[in-house]
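model this:
(chains A, B, C and D)
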Number of protein chains: 2
Amino acid sequence: MASHGARGRGGGRPTLEEVAARAGVGRGTVSRVINGSPRVSDATRAAVEAAVAELGYVPNTAARALAANRTDAIALVVPEPETRFFAEPYFSDMLRGVGSQLSDTEMQLLLIFAGGDRERRRLAQYLAAHRVDGVLLVSVHADDPLPDLLAQLEIPAVISGPRSAGETLTSVDSDNYGGARSAVEHLLSGGRTRIAHITGRLDVYGAQRRVDGYRDALREAGREADELLVEPGDFTEEGGRRAMSVLLDRRPDLDAVFAGSDVTAAGARQVLREAGRRIPDDVALVGYDDSAIARHMDPPLTSVRQPIVEMGRAMIDLLLSEIADHRPPASRGPERRHAVLPTELVPRASS
Amino acid sequence: MASHGARGRGGGRPTLEEVAARAGVGRGTVSRVINGSPRVSDATRAAVEAAVAELGYVPNTAARALAANRTDAIALVVPEPETRFFAEPYFSDMLRGVGSQLSDTEMQLLLIFAGGDRERRRLAQYLAAHRVDGVLLVSVHADDPLPDLLAQLEIPAVISGPRSAGETLTSVDSDNYGGARSAVEHLLSGGRTRIAHITGRLDVYGAQRRVDGYRDALREAGREADELLVEPGDFTEEGGRRAMSVLLDRRPDLDAVFAGSDVTAAGARQVLREAGRRIPDDVALVGYDDSAIARHMDPPLTSVRQPIVEMGRAMIDLLLSEIADHRPPASRGPERRHAVLPTELVPRASS
DNA sequence: ATCATGAATGGGAGCGCTCCCACACTACCT
DNA sequence: AGGTAGTGTGGGAGCGCTCCCATTCATGAT
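I've put the predicted structure just below:
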């Protein structure tokens, strides 16, 4: 089936016009068939489809983009250097979800890293040129100007972790508050009483919400949160080590640690070991993310699973509908949307 | 400076024509300035640049692509599922090199995963639509039809590991043969005499070359290669475990292992430990790739470093020149190019 | 029989650029 | 003075589509 026609002599790919001539119809009709318009008779549609197959016609995206003023592409923007992207499984899971949801579509996904200043400038240019129909924003810090730029350029965008409670962009998030609560409740029900928390980067809203969940869970159990037991981290292993040392110094009698990420927990674990603490006997440890690290740790790490793949899917759904709504410059949908997906505690031997 | 003009009212981004009017010149002249043609007087150029800045003009890529028949984008095609891409540091290093070399350019990089059948079909469509000016191909197996498709579509392409000695595509490779030799010579000079080799996937040409290097190094040292000491692996940790078990069964007296990758070495290490062998006392271990794993292994793993970042850079250089050569459909450059970059042995405690 | 109505279709206009030819003008030879 | 190269410049044509208006023809209501 198909594959001869205009191929051979490198030069000329067939155009709409040629397909139309071959099928004995007009250009407009072929365009309608290509784009799946219902206003075409079955017979005509079949004829056109045959001609398309015979000629091996493939639409010229540039022409389409120019005429229709859309690109059929969306960008996943990671405002981090590549290294962090690859270091953290979060991103790859996210990408999996995004990719799977997108594969039913004609949309093309671009992966853009904007870690450095230079890349940021390139990105700004890129967005100003409207080279994508929409943007997926992952792991944005509170003071990042990117969301505002997007808003100003009126480019549909969905952000993966809202920057604050009043996030203006459409957002997708996991239930950080609930996840933290479930972790702490789990530790409490295991009889732990002096539960420390190594936070994530506190300029990330989700990390703040986890602190809130941690505090509220303790409070509801009748225990006032002891601020000496809370030490800021930054999601990294090194940060986990640092914070753990501080905590051990300050509160040598702690009997549990809730870490802001699995990687952080790994760092904490190392310091605990070096300090002669056994896990879980002396100190129970709970992480966050339920990444591969958690499963492979010794002992395996109890962790809070975020449905990252599903979050990726949700982001695509929201973004595509934003793009669709946006096309006719109708009234900007007033109701901003925020999806929050549930987390799940995965108990393992570390607690 | 700049940023008012046509911005405000979402709708109208300025066009070439508008810039021309503002600068009091013709459309062609503005185009020349934008594209850096030398045939413009300094005064005119300055006037145009001022107009561009005032209006915040950004070229419309779709229009440019349509008129000039190029996209200013290249694709990095990974014929693997995402998971493998992220699991192996090889890819992220490659991406770093590619990205850094590309950042001097107007070119846009797309990352395309084509692991499954479905993705393959999408990719074929994508390439047929000529949505990129060139393609970077990473880790392609011997029987992959992708290179032929590229050739047939006459899309400039550079492959990261040639598929065979007679690779038809322009290629970049590291000196697998020399790298393997240096590993074996290192082990020999350490007094090891029964050196096993766990290969990579043998449908990868580079893995074959490593076997060649292994054999030749032994032969030149006057030792006939013992085929019982060679066991095929597949670059994975699991494969390393499997192969190591087989080797220990077959040749319990082996005193060194050269693994096809660091990950494979990690698998081998595990089995060696379980069998009570001490590293490096009983068995010396050498890996390949010099990845993070090698540095963090216990004991740290001697490994062969491939200059992957540099390979990425080299790929871009070659691809860009292919694209440039290609533009005027002149005589297809007859001399295919193959760059081979040197490897380097990084000795550590495991040998 | 008459007139709306709507479904299916053809094709003009135009998206914003690049390419290239034509033109003016300058300089420098004869 | 007339030619002959350049240089710098303007603008027509056209890239391959989508959008939309006009046209045709069949259908059903009157």
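
Excluding residues flanking it in the chain, which one is nearest A:R215?
Excluding the flanking residues, the one nearest A:R215 by Cβ to Cβ, 6 or more residues apart in numbering or on different chains is A:A225, at 4.5 Å. (Glycine included, C-beta is placed from N, CA and C.)

How confident was the prediction at A:D325?
The model reports A:D325 with a pLDDT of 82.

and it, that's in a strand?
No: read with DSSP: H, G, I helix; E, B strand; the rest coil, A:D325 is helix and lies in no strand.

how deep is it tucked in, by neighbour count?
Burial measure for A:D325: 13 neighbouring residues, criterion other Cβ atoms under 10 Å in any protein chain shown.

Run through who's touching the strand or helix carrying A:F86.
Assignment of secondary structure by DSSP states H and E places A:F86 within helix A:82-87. Around helix A:82-87, the neighbours that count as contacts under Cβ atoms under 8 Å, 6 or more residues apart in numbering or on different chains are A:78, A:91-92, A:113, A:115, B:86, B:89, B:91-92, B:95-96, B:99.

Following that helix in sequence, what is the next regular element?
Once helix A:82-87 ends, the next helix or strand along the chain (criterion: DSSP H and E) is helix A:89-102.

ok so, going back, quick one, phi/psi of the residue nearest to A:R215?
With angles defined as degrees, to the nearest 10, A:A225 sits at phi -70, psi 130.

A:T71 too?
Backbone torsions for A:T71, taken as degrees, to the nearest 10, come to phi -120, psi -10.

That one contacts A:A65, doesn't it?
Yes: at 5.1 Å, A:T71 counts as touching A:A65 under the criterion of Cβ atoms under 8 Å.

Now the common contact residues for those two.
Shared contacts of A:T71 and A:A65, defined by Cβ under 8 Å, 6+ apart, are found at B:A62.

from the contacts of helix A:82-87, which is closest to DNA strand C?
Ranked by distance to DNA strand C (Cβ to the nearest atom of the strand), the contacts of helix A:82-87 are led by B:G99 at 24.4 Å.

Now do the closest one, the pLDDT please.
pLDDT, B:G99: 90.

how close does it get to B:R277?
The spacing between B:G99 and B:R277, counted by Cβ to Cβ, to the nearest Å, is 41 Å.

returning to what we had before: what mean pLDDT does the helix holding A:F86 get?
On average, helix A:82-87 scores 74.

Could you measure from the closest residue to DNA strand C within the stretch 101-250 of chain A over to B:A129?
Of all residues in the stretch 101-250 of chain A, the one sitting closest to DNA strand C is A:A129 (8.9 Å; Cβ to the nearest atom of the strand). Distance, A:A129 to B:A129, using Cβ to Cβ: 20 Å.

For A:T105, what is the enclosing helix or strand?
For A:T105, there is no enclosing helix or strand under DSSP H and E.

hang on, I meant A:A294
Judged by DSSP H and E, A:A294 forms part of helix A:292-296.

Then A:V132?
Using DSSP H and E, A:V132 sits within no helix or strand.

burial of it, as a residue count?
Applying other Cβ under 10 Å, we find 26 residues neighbouring A:V132.

Could you list the low-pLDDT ranges of the stretch 51-200 of chain A?
Counting by pLDDT under 70, the ranges of the stretch 51-200 of chain A that qualify are A:87.

Get me the contact residues on it for DNA strand C.
Residues of the stretch 51-200 of chain A lying close to DNA strand C (Cβ under 7 Å from any atom of the strand) are A:63, A:66-67.

Name the residues of the helix holding A:F86 that are buried.
Residues A:82, A:84-87 are the ones in helix A:82-87 that count as buried (16 or more other Cβ atoms under 10 Å in any protein chain shown).

If you count neighbours, what's buried in stretch A:101-117?
For stretch A:101-117, a neighbour-count test (16+ other Cβ under 10 Å) marks A:101-102, A:107-115 as buried.

ok, A:R337 - contacts?
With contact set as Cβ under 8 Å, 6+ apart, A:R337 has these partners: A:170-171, A:318.

next one: A:S182
Counting by Cβ under 8 Å, 6+ apart, A:S182 makes contact with A:304, A:343-345.

now do A:A20
Residues near A:A20 by Cβ under 8 Å, 6+ apart: A:26-27, A:29-30, A:48, A:51.

now, which of these lie close to DNA strand D?
Residues of these in contact with DNA strand D (Cβ under 7 Å from any atom of the strand): A:R27.

Please identify, among the contacts of A:A20, the one with the most neighbours.
Highest neighbour count within the contacts of A:A20: A:V30, with 27 neighbours (other Cβ under 10 Å).

is the helix or strand harbouring it anywhere near DNA strand C?
Element membership for A:V30 (DSSP H and E) is helix A:27-34. Yes: judged by Cβ under 7 Å from any atom of the strand, helix A:27-34 and DNA strand C are in contact via A:27-29, A:31-32.

So what's the residue count around the residue nearest to A:V283 when sequence neighbours are not counted?
Nearest residue to A:V283 in three dimensions, chain neighbours excluded: A:R277, at 4.8 Å (Cβ to Cβ, 6+ apart). Counted with other Cβ under 10 Å, residues neighbouring A:R277 total 20.
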